[in-house]
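Trainee: build me a structure from this.
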Amino acid sequence: MKSGHNYYVYIVKCADGLYYTGVTNDLERRLAEHNDGYHPGCFTFKRRPVELMYEEHFHHIKKAIAWEKKLKGWSRKKKEALFTRDWPLISQLAKSNKSGSKS
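Mentor: Numbers count the residues shown, from 1 in each chain. Presented below is the predicted three-dimensional model:
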């Protein structure tokens, strides 16, 4: 796997309000693909248009993929706290999840 390049983990909000989390090496191109319906089998194809809610830059693909996988396991509330960089709420939701309630 390549390292030392530009990779982005991103979350888009679909027209139906659902979130999609992905990783790419070209964020502008990937957003255009989502909105243009480039991949008919993609989760977002029937949920267009999409709006970018979050992006994080990485130089190493392994770190980007690990972050993407982690975010995919997060609840809607936790993702929304991430959009506003509300670290205290993210921490609180993480603690709630560890105690058995869904974050």
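Trainee: dump the residue contacts of residue 11.
Mentor: Residue 11 makes contact with 19-21, 52-55, 71, 79, 82-83, according to C-beta atoms under 8 Å, 6 or more residues apart in numbering. The way it works is simple: take the backbone N, C-alpha and C, and place the C-beta from them, glycine included.
Trainee: ok, residue 8 touching residue 64?
Mentor: Yes - using C-beta atoms under 8 Å, residue 8 is in contact with residue 64, at 7.2 Å.
Trainee: list the residues that contact both of the two?
Mentor: 23, 56, 58.
Trainee: of all those, which comes closest to residue 95?
Mentor: Looking at the shared contacts of residue 8 and residue 64 and their distance to residue 95, the nearest is residue 56, at 22.4 Å (C-beta to C-beta).
Trainee: now do that closest one against residue 62, distance only.
Mentor: Distance of residue 56 to residue 62, computed by C-beta to C-beta, to the nearest Å: 14 Å.
Trainee: neighbour count: the two, which is higher?
Mentor: Neighbours per residue, other C-beta atoms under 10 Å: of residue 56 and residue 62, the larger number sits with residue 56, 16 against 12.
Trainee: Three-state assignment for the more buried one, please.
Mentor: For residue 56, the assignment made with DSSP: H, G, I helix; E, B strand; the rest coil gives strand.
Trainee: helix or strand for the residue lying closest to it once chain neighbours are set aside, which one?
Mentor: For residue 56, ignoring the flanking residues on the chain, the nearest one in space by C-beta to C-beta, 6 or more residues apart in numbering is residue 9 at 4.8 Å. Assigned by DSSP states H and E, residue 9 belongs to strand 3-13.
Trainee: let me see the domain layout of the chain.
Mentor: By the assignment in automatic domain parsing, the chain contains the domains 3-72, 75-103.
Trainee: which residues of this protein fall in strands?
Mentor: 3-13, 19-24, 51-60 (DSSP state E).
Trainee: is it possible to export those strands to TSV including mean pLDDT and distance to residue 33?
Mentor: Converted to TSV, the strands of the chain look like this (pLDDT from 0 to 100; distance: least, C-beta to C-beta, whole Å):
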stretch	mean pLDDT	distance to residue 33
strand 3-13	89	11
strand 19-24	98	9
strand 51-60	98	13
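Trainee: lovely, talk soon.
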